[in-house]
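Participant: Model the structure of this input:
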Amino acid sequence: MKLNSETQLVEAAQNGHLESFGALYERYHSPMVALAYSMLSDRDLAEDAAQEVFAIACRDIGSLKSKERFAAWLAGICRNISRQMLKAGKSRGVVPDNNSTVVRRDDTDDRREAIRRAVWSLRESERELIVMRYFDGFSQVQISKVLDISSQAVNGRLVRAKRKIAKYLKRNGLAGDNHETS
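Facilitator: Okay, the predicted model is just below:
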């Protein structure tokens with residue numbers, strides 16, 4: 001019997017069907033990494049957090065009462081794990097990782113760094129949306145499901161977050177096109 005709906009997969013996983021839990025893992029691993037990354041700013045730590053999220057979810061899936069809210073339940077676990085990692089000092093928090101060892105930077109590098117700083121200056125809830133949408137390429141529908149908010153809310157929040165990024169860039173002299181006049 002092939003299970004397709006999330007509710008069917010969750011129910012089967014609650015009944016001990018490991019393949020169903022594996023299918024849920026496949027669906028939600030990347031979103032959980034993106035969510036953790038939006039808080040931890042370190043991909044390796046985000047991967048570790050996602051692994052821990054699924055270990056906890058596997059252990060506690062029987063306690064999930066609302067099967068249709070599985071993604072939101074996972075997101076809550078992910079936020080808690082990420083916060084615990086931040087408190088334990090396992091991450092630099094909202095400072096973007098900068099693995100660049102380039103001696104000479106050009107305008108494109110400076111612009112990218114400014115955008116990263118602008119994103120990481122956002123509130124956690126705004127940063128989650130931006131990271132999931134633009135760093136990891138999730139659709140608004142996918143984000144909506146994971147964060148348990150409507151697609152319209154995702155769209156509105158993305159618009160507001162992008163405006164904040166634009167203001168940050170403008171304050172730092174990096175907004176607009178490269179044809180600025182003196």
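Participant: From now on I want contacts and neighbour counts done on CA atoms only, so please keep to that.
Facilitator: Noted.
Participant: Any idea how far the one helix or strand in the chain whose mean pLDDT sits lowest is from the middle of the chain?
Facilitator: Of all helical and strand segments in the chain, the minimum by mean pLDDT, DSSP states H and E falls on helix 107-120, at a mean of 84. Its chain's C-alpha centre and that of helix 107-120 lie 18 Å apart, by C-alpha atoms, centre = their mean, to the nearest Å.
Participant: Now do that helix: which elements does it pack against?
Facilitator: helix 124-130, helix 151-171 (3 or more C-alpha pairs under 8 Å, 6 or more residues apart in numbering; DSSP states H and E).
Participant: Tell me what angle the last one forms with helix 107-120.
Facilitator: Meaning helix 151-171. Here helix 151-171 runs at an angle of 130 degrees relative to helix 107-120 (axes from the mean of the first three to the mean of the last three C-alpha atoms, to 10 degrees).
Participant: residues contacting the most centrally placed residue in the chain?
Facilitator: Centroid-nearest residue in the chain: Leu35, 2.3 Å away (criterion: C-alpha atoms, centre = their mean). Taking C-alpha atoms under 8 Å, 6 or more residues apart in numbering, we find Leu35 in contact with 46, 75, 78-79, 128, 131-132.
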